[in-house]
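Student: I'll drop the sequence and a predicted model, then ask my questions.
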Amino acid sequence: MHSSKQRLSVTDDLVKRPIWKSGHDRMRQNYQFTHETVKRLGLDVELEGHTGCVNCLEWNESGTILASGSDDCHINLWNPFRRRLLQSFSTGHSGNIFSVKFLPQSGDNLVISGAGDNVIRVHDLVQKVTVHVLRHHISRVKRLAVAPNTPAIFWSAAEDGTIMQFDLRDPSVFRSSGSRTILVNLNPHIGSQAEAKCLAINPARPELLAVGANDPYVRLYDRRFLKPFALRTSTVGSGQSDGSGNPFGIPFERLSFFTGEGEPPMPTDCVQYFAPGHLPLVPCEYRRRPRSLAATYVNFSEDGRELLVNLGGEQVYLFDIQQSRKPASQLLLDCPAFTGPPVVAGDHLKEHCTKEPNGTNGSVKGRGPNGAKSIRPNGAAIEGHFHRHYPRLNSAGERFKNEANSQFQNGNYSASIRLYASALEQTPDSPVLLTNRAAAYLKRQWDGDVYAALQDCLLALRIEPDYLKVDILQEAHFRMARCLFELSWYQQAHQCLQQFRQRHPEYASNRTFQTLDKEIRTAIYATSDEKSSDTVSFEKDSSSQEDMQDAMTDGPRRSSRKRRRSPSRRGSTEISELEKEWRSKALDYEQRFCGHCNTTTDIKEANFLGSHFICAGSDDGSFFIWDRRTTNIVRVLKGDDSIVNCLQPHPSAPILATSGIDPVVRIWTPLADDEETRISEREVEDPLVAAAANQRRMNADPLEVMLMNMGYRIAMDEADDSDTDESDPSRRVIQCRPS
């Protein structure tokens, strides 16, 4: 069920179309994929013609031709409407093709391809010949990008850590050396192991270029500040030394990729970084896990306002590039419940805290975060006395909330989060829903859940910064301290808990409070590097802004600073001072979409389905479709026998093309209502179980993943979570596809 806010009215939109900036495009986006068409989406046809994995798909501008690139080094052109292969073109590549693009305003006659042989080729489809071969990169070319109204110019991202710009009207780009094609070189900033994985051009503002690399940051460059350059060249050949300390036995031009020799300085304000707020602070934790963090796909919305990122090893994230959303680590500094002067609780509060609740809001009862007893002395529900300006739930929101509370009590945390999200769509600023959903996040413990819980607690507390009598916000305040502790932000957790004790001294003797307080103190002492500067004084707590700034830079970041003191060397992860500055200003995400698994391949895409949905491929052979407003999973469809990598929606019609490890291209369209069998035959029956299995897969040992891919049933170890209810779908034994 979806709210009236999401119901589309053709009549209303036709009336509004003349006043919209781009009326035709807005109408198309609203009605291309609706709830009704997504509900009836099914497999229409499988296009056969490749003999290897299909790694890339691309529609032409009019949507009449679909191009596909494969491990067989061929580009195939399809007419999906007639289910016919129009042309199969041998590209001349000697490595897997990873990206294919139609050059704009070429009449669909010119196609460019990038491949694993480090080469970019330009093909004339009419003459069936390769007209240009560009050998500028020294590692695999992973993505190509074009701008809608910019003919003859395109951009490339490669695993040599560079972004290049090619203008086919400039004869110098056809020289193998000395041409000014490098737009961005990541190596001098993030180390010689830098790899550019993906890129995209903003369709509404072509001067904006988004780049994803093998780290959790997405970089948004303004090309107006950048000028293509050529690296310094040298006549020194392989195996020789130029007398300047080149011990690697490679030409100096290629060595310059790593050192940045001859590169002009980059302006400080030429780029804006984006990253999920919990990832930049825990580099050590993710290095210990058997997976890597890398942006495998970036894409802009058609209006250019939003940036969608499929982050390998994590989730799918949506960023708003026009709003500066600060990460929670910075928002804490503006939260009075964290930094403000303590509000002294009087006798009326003590009396209120010991009364039985009136049961008016049906919030989570009994247990608090991580199965611990509630911070409330009587362990009762988080009920309460709300101020008049708090929004009241309508009947639909109340129904969703009650169902969510019931699912939470039964241990079905994913189902409860889904229902809380539906209720929040009805009433976005409800402290009850935000705090209860935070409790569900803390129990579920998927990647990023603790940080999402922190965001919910912060939002609930910002609704009423100087709360005193609202006990739901007391629970939010305490849960915020728990979130900070579980994020390993120990200094911040200590400060938050002390603020809570000053506001509510009656809880100081509570066992749950004392347990968390002891855990935080122990963690701070255990992670202290230097007693003189790192030991927290528990005798006197300071809430000054200066102390808070120090707390925000201590703890998790310290170990990374220590690592950066190591001498620079080829292969190191030394980052530049400019890179540190850019990272410190990274903006946070607006929405997070969970359920898929992205660890096996680094070309996995995520895309917009019209204005209302998001889709992404998964390592379990499925692709997920989420509601863009609630972030809830709408459908999960089986798109490949192994892995779904590519998903490209048609430019205007409700058609989706997908591909993966199978040597076929699959076309999905809304089927007739009387074809219910075809609609459901590839649908995953329980999306929440599939999502939970994928989350376990992302954190599994590589050997377990290999066994799961071979079809073995792996019973996950639950010894570390004795409080988990066996009815929780995320804890069930998972059955993976046979090899």
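Tutor: Okay, I see it.

Student: who are the neighbours in contact with residue 484?
Tutor: 454, 490, 492, 493, 496 (C-beta atoms under 8 Å, 6 or more residues apart in numbering). Every residue, glycine included, has its C-beta placed from N, CA and C.

Student: can you give me the strands in the stretch 451-600 of the chain?
Tutor: 591-593 (DSSP state E, counting those that start in this stretch).

Student: flag the shaky bits of it, pLDDT-wise.
Tutor: 465-470, 529-573 (pLDDT under 70).

Student: ok, back up a step: which two in the contacts of residue 484 are spaced the farthest apart?
Tutor: 454 and 490 (14.1 Å; C-beta to C-beta).

Student: and those two? which has more neighbours close in?
Tutor: residue 454 (29 against 25; other C-beta atoms under 10 Å).

Student: what sits against the more buried one?
Tutor: Going by C-beta under 8 Å, 6+ apart, residue 454 touches 328, 438, 480, 483, 484, 487.

Student: shouldn't the second one be in contact with residue 477?
Tutor: No: under the criterion of C-beta atoms under 8 Å, residue 438 is not in contact with residue 477, lying 11.1 Å apart.

Student: which of the two has more neighbours?
Tutor: Ranked by neighbour count (other C-beta under 10 Å), residue 438 and residue 477 place residue 438 first, with 31 against 24.

Student: now do the SS call for the more buried one.
Tutor: When classified by DSSP: H, G, I helix; E, B strand; the rest coil, residue 438 comes out as helix.

Student: what about it, distance to residue 444?
Tutor: Here residue 438 is placed at a distance of 11 Å from residue 444 (C-beta to C-beta, to the nearest Å).

Student: then residue 278?
Tutor: 15 Å.

Student: who does the closest residue to residue 585 other than its chain neighbours form a beta bridge with?
Tutor: Spatial nearest neighbour of residue 585, chain neighbours left out: residue 273 (6.4 Å); criterion: C-beta to C-beta, 6 or more residues apart in numbering. Beta-bridge partners of residue 273, counted by DSSP bridges, are residue 219.

Student: re the thing from before, in TSV: the contacts of residue 454, plus distance to residue 646.
Tutor: Formatted as TSV, the contacts of residue 454 follow (distance: C-beta to C-beta, whole Å):
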residue	distance to residue 646
328	33
438	36
480	40
483	36
484	39
487	34
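
Student: buried ones in stretch 54-70?
Tutor: 54-60, 65-70 (16 or more other C-beta atoms under 10 Å).

Student: ok, stretch 595-609 next?
Tutor: In stretch 595-609, counting by 16+ other C-beta under 10 Å, buried: 595-609.

Student: angles on the backbone of residue 600, please.
Tutor: phi -90, psi -40 (degrees, to the nearest 10).

Student: wait, what's in contact with it?
Tutor: Contacts of residue 600 by C-beta under 8 Å, 6+ apart are 619, 643.

Student: remind me which residues of this protein are low pLDDT?
Tutor: Checking the chain against pLDDT under 70 turns up 1-28, 232-262, 281-291, 340-391, 465-470, 529-573, 702-739.

Student: make it 80
Tutor: 1-31, 176-178, 231-263, 280-291, 336-391, 464-471, 528-574, 700-739 (pLDDT under 80).

Student: buried residues, stretch 263-272. List them.
Tutor: 263, 266, 270, 271, 272.

Student: nearest to residue 179, of those residues?
Tutor: Using C-beta to C-beta, the buried residues of stretch 263-272 come closest to residue 179 at residue 263, 14.7 Å.

Student: show the contacting residues for that closest one.
Tutor: Neighbours of residue 263 in contact, by C-beta under 8 Å, 6+ apart: 182, 185, 188, 229, 231, 256.

Student: same deal with residue 145?
Tutor: So residue 145 contacts 101, 154, 155, 156, 157, 199, 200, 201, 209 (C-beta under 8 Å, 6+ apart).

Student: 10 Å instead?
Tutor: Each residue near residue 145 by C-beta atoms under 10 Å, 6 or more residues apart in numbering is listed here: 99, 101, 153-157, 163, 165, 198-201, 209-211, 298.

Student: likewise residue 37?
Tutor: 31, 609, 610, 613, 653, 654, 655, 669, 670, 671.

Student: pretty sure it is in a strand, no?
Tutor: No: counting by three-state DSSP, residue 37 is not found in a strand; it is helix.

Student: residues contacting residue 627?
Tutor: Applying C-beta under 10 Å, 6+ apart, the residues near residue 627 are 2, 6, 35, 38, 418, 421-422, 425, 593, 612-614, 633-634.

Student: 7 Å - rerun?
Tutor: Counting by C-beta atoms under 7 Å, 6 or more residues apart in numbering, residue 627 touches 613, 634.

Student: that one and residue 33: what is the separation?
Tutor: 11 Å.

Student: over to residue 425?
Tutor: Counting by C-beta to C-beta, the gap from residue 425 to residue 33 is 18 Å.

Student: the two: who's more crowded?
Tutor: residue 33 (25 against 20).

Student: quick one, phi/psi of the more buried one?
Tutor: The phi/psi pair for residue 33 (degrees, to the nearest 10) is phi -130, psi 110.

Student: what is the end-to-end distance of stretch 438-458?
Tutor: Taking C-alpha to C-alpha, to the nearest Å, stretch 438-458 runs 10 Å from one end to the other.

Student: right, I'll leave it there.
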